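**Q** Any chance you could fold what I've pasted below:
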Amino acid sequence: MELEKLKMIIADVLNVDTAEITEDTTFVDDLGADSLDIFQIIMGIEEEFDVEIDNDAAERIVTVGDAAEAIKNVM
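**A** Numbering: from 1, shown residues only. Next comes the predicted model:
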């Protein structure tokens, strides 16, 4: 369930189709996200899941799977 919500956040911020997003998708290389996009995605995650992802964890997020794992770690 978290992955589907996460895909919706990413699709909304980056204006891509959720079908293009898998756990192995990288934000920068595959989706063309820049640092501001990633910041917006993290803010969306924090709002949607009512969690706080610290800066160290945020810096380790490279793939969609990493983001899903970060959510699980703070819930």
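**Q** Report the beta-bridge partners for the closest residue to residue 24 other than its chain neighbours.
**A** Among residues not flanking residue 24 along the chain, residue 63 sits closest, at 6.0 Å (Cβ to Cβ, 6 or more residues apart in numbering). C-beta coordinates here come from the backbone N, C-alpha and C atoms, glycine included. Beta bridges link residue 63 to residue 26, judged by DSSP bridges.
**Q** Quick check: residue 63 vs residue 72, distance?
**A** Separation of residue 63 from residue 72 (Cβ to Cβ, to the nearest Å) stands at 14 Å.
**Q** Likewise for residue 58?
**A** Residue 58 is 15 Å from residue 72, by Cβ to Cβ.
**Q** Neighbours of the nearest residue to residue 57 once chain neighbours are set aside, how many?
**A** In space, and not counting its chain neighbours, residue 57 is closest to residue 70: 5.0 Å by Cβ to Cβ, 6+ apart. Look at residue 70: counted by other Cβ atoms under 10 Å, it has 21 neighbours.
**Q** what's near enough to touch residue 70?
**A** Contact partners of residue 70, counting by Cβ atoms under 8 Å, 6 or more residues apart in numbering, are 45, 53, 57, 58, 60, 61.
**Q** Can you give me the buried ones in the helix or strand where the third one lies?
**A** Just to be clear, that refers to residue 57. In this structure, residue 57 sits in helix 55-59 according to DSSP states H and E. By 16 or more other Cβ atoms under 10 Å, the buried positions in helix 55-59 come out as 57, 58.
**Q** Following that helix in sequence, what is the next regular element?
**A** helix 64-74.
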